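J.: Generate a structure from the sequence data that follows.
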Amino acid sequence: MNNIKSLPLVIGLGELLWDCFEDERRPGGAPANVAFQANQLGCQGTVVTRVGQDELGTELREFLKQQGLSVDYVQVDESFPTGTVTVEYSDANDPQYTIHEHVAWDHLEFNEDLSELMQQSQAVCFGTLAQREPDSREAIHQCLAATGENCLVVYDVNLRQNYYERSWIERSLTAAKMVKLNQDEVEKLSKVLGLSAGNVKQFANQVQEEYGLEAVCITRGAEGCLIFADDQKYDIPGSPVEVADAVGAGDAFTAALISRRLLGWGWEQAALFANRVGGLVASQAGAMPVLKEEFEQISQEIQKA
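T.: Predicted coordinates:
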């Protein structure tokens with residue numbers, strides 16, 4: 001069995017929060033979801049975030065510990081509460097989020113501990129939402145600047161409500177090696193950045209050229225994904241599943257793609273695996289279902305195919 005220290009260190013950098021449904025609440029936040037799933041996928045997933053000095057924050061830290069994740073880099077804020085999101089959906093495939101403001105993860109602080117952690121990381125995933133306040137935005141980019149040359153920096157665009165600006169997006173694209181976004185975000189980014197949305201390949205090529213990206217990944221739900229990398233286009237079909245709720249499915253896809261790229265898999269094989277993982281999470285309730293054994297089985301199936 002591998003010593004945990006030898007596992008690839010994958011950092012989810014940004015928000016950790018409670019997804020509050022009509023009848024219950026569950027742990028969530030896109031970067032935290034990625035770290036959680038990376039931990040199930042054979043990596044050392046680590047969340048870098050900030051929670052309040054309150055019961056909700058304590059419960060989140062306990063949850064991460066129970067799932068075998070470090071809480072050493074979950075900062076505790078004395079002034080702001082733990083983040084919450086109200087999730088509503090009339091359509092299981094299209095959840096609607098109300099993301100509450102003035103919370104702890106808006107005030108992440110960069111420090112020497114984070115600098116050292118970032119230098120050790122093999123991959124870092126971050127998004128747009130946690131950049132809505134200047135404190136966390138600067139801390140995130142200080143973290144990214146501290147990563148090593150070979151670190152796989154992944155920008156999961158993840159646009160929510162009105163929490164984005166062109167300057168944040170451009171700065172993030174420039175800091176990343178890979179960008180992941182969904183079909184709706186292709187349209188939004190095309191407008192924000194003044195790029196062509198009519199042709200997805202043209203959009204991907206423009207983004208790669210303009211911001212120096214190694215890969216552009218576009219998810220299409222049940223239709224699978226498109227990856228543009230190494231001057232190739234990979235069109236990967238989806239795997240049909242019965243969706244319980246789509247919360248966290250895209251994050252599981254991202255974690256799976258990262259984990260297999262770190263293991264040296266090619267883009268096509270890694271994307272096939274990521275599609276299967278994302279679909280499986282969509283078939284379960286909540287963003288962080290425990291599926292380690294199922295993921296391993298999918299991994300073996302794809303390697304044998």
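J.: Quick one: the helices in this protein, in order.
T.: Using DSSP state H, the helices of the chain run over 30-40, 55-66, 112-120, 134-145, 166-175, 183-193, 200-211, 249-262, 267-282, 292-304.
J.: now the longest strand along the chain against helix 249-262, angle please.
T.: The single longest strand within the chain, with elements called by DSSP state E, is strand 44-52. Between the axes of strand 44-52 and helix 249-262, defined by axes from the mean of the first three to the mean of the last three Cα atoms, to 10 degrees, the angle is 140 degrees.
J.: Quick one, which of the helices of the chain gets closest to Ala229.
T.: Using Cβ to Cβ as the measure, helix 267-282 is the one of the helices of the chain that comes nearest Ala229, at 5.3 Å. (Each C-beta comes from the backbone N, C-alpha and C, glycine too.)
J.: Which strands or helices does the closest one pack on?
T.: The helices and strands touching helix 267-282, judged by 3 or more Cβ pairs under 8 Å, 6 or more residues apart in numbering; DSSP states H and E, are strand 215-219, strand 225-229, strand 232-236, helix 249-262, helix 292-304.
J.: and the longest strand of the chain, how far from the chain's centre?
T.: Its chain's average C-alpha position is 13 Å from that of strand 44-52, according to Cα atoms, centre = their mean, to the nearest Å.
J.: hmm, back to that, need the helices and strands packed on helix 267-282 in CSV (columns: distance to Gln206 and mean neighbour count).
T.: Conversion of the helices and strands packed on helix 267-282 to CSV gives the following (distance: least, Cβ to Cβ, whole Å; neighbours: other Cβ atoms under 10 Å):
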stretch, distance to Gln206, mean neighbour count
strand 215-219, 10, 24
strand 225-229, 11, 22
strand 232-236, 14, 16
helix 249-262, 22, 28
helix 292-304, 31, 14
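J.: picking up where we left off before, out of the helices of the chain, which is the most enclosed?
T.: Highest mean neighbour count of the helices of the chain: helix 30-40, a mean of 30 (counted as mean count of other Cβ atoms under 10 Å).
J.: Give me the distance from the helix or strand of the chain with the lowest mean pLDDT to the chain's centre.
T.: Comparing helices and strands within the chain by mean pLDDT, DSSP states H and E singles out strand 96-99 as the least confident, with a mean of 86. Strand 96-99 has its average C-alpha position 17 Å from the chain's average C-alpha position, going by Cα atoms, centre = their mean.
J.: who does that strand pair up with?
T.: Strand 96-99 sits in its sheet next to strand 83-88 (antiparallel), going by DSSP bridges.
J.: residues making contact with the partner strand?
T.: Counting by Cβ atoms under 8 Å, 6 or more residues apart in numbering, strand 83-88 makes contact with 15-22, 25, 28-29, 51, 56, 95-100, 103-106, 247, all of which sit outside it.
J.: at 6 Å instead, please
T.: Here strand 83-88 makes contact (Cβ atoms under 6 Å, 6 or more residues apart in numbering) with 15, 17-21, 95-100, 103, 105.
J.: Quick check: of these, which lies closest to Glu301?
T.: The nearest member of these to Glu301, counting by Cβ to Cβ, is Pro95 at 28.8 Å.
J.: Could you report the neighbour count for the nearest residue to the closest one once chain neighbours are set aside?
T.: Leaving aside its sequence neighbours, Pro95 sits nearest to Tyr89 (Cβ to Cβ, 6 or more residues apart in numbering; 4.2 Å). Using other Cβ atoms under 10 Å, Tyr89 has 15 neighbouring residues.
J.: Kindly write the ChimeraX command that selects the buried subset of the contacts of strand 83-88.
T.: The buried subset of those, as determined by 16 or more other Cβ atoms under 10 Å, is captured in ChimeraX by this line:
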select :15,17,18,19,20,21,95,99,103,105
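J.: To Gln66, which of the helices and strands packed on helix 267-282 lies closest?
T.: Taking Cβ to Cβ as the criterion, helix 292-304 is the member of the helices and strands packed on helix 267-282 that comes nearest to Gln66, at 13.6 Å.
J.: Chain neighbours aside, what residue packs nearest to Gln183?
T.: With sequence-adjacent residues excluded and distances taken as Cβ to Cβ, 6+ apart, Gln183 is closest to Arg220, at 5.6 Å.
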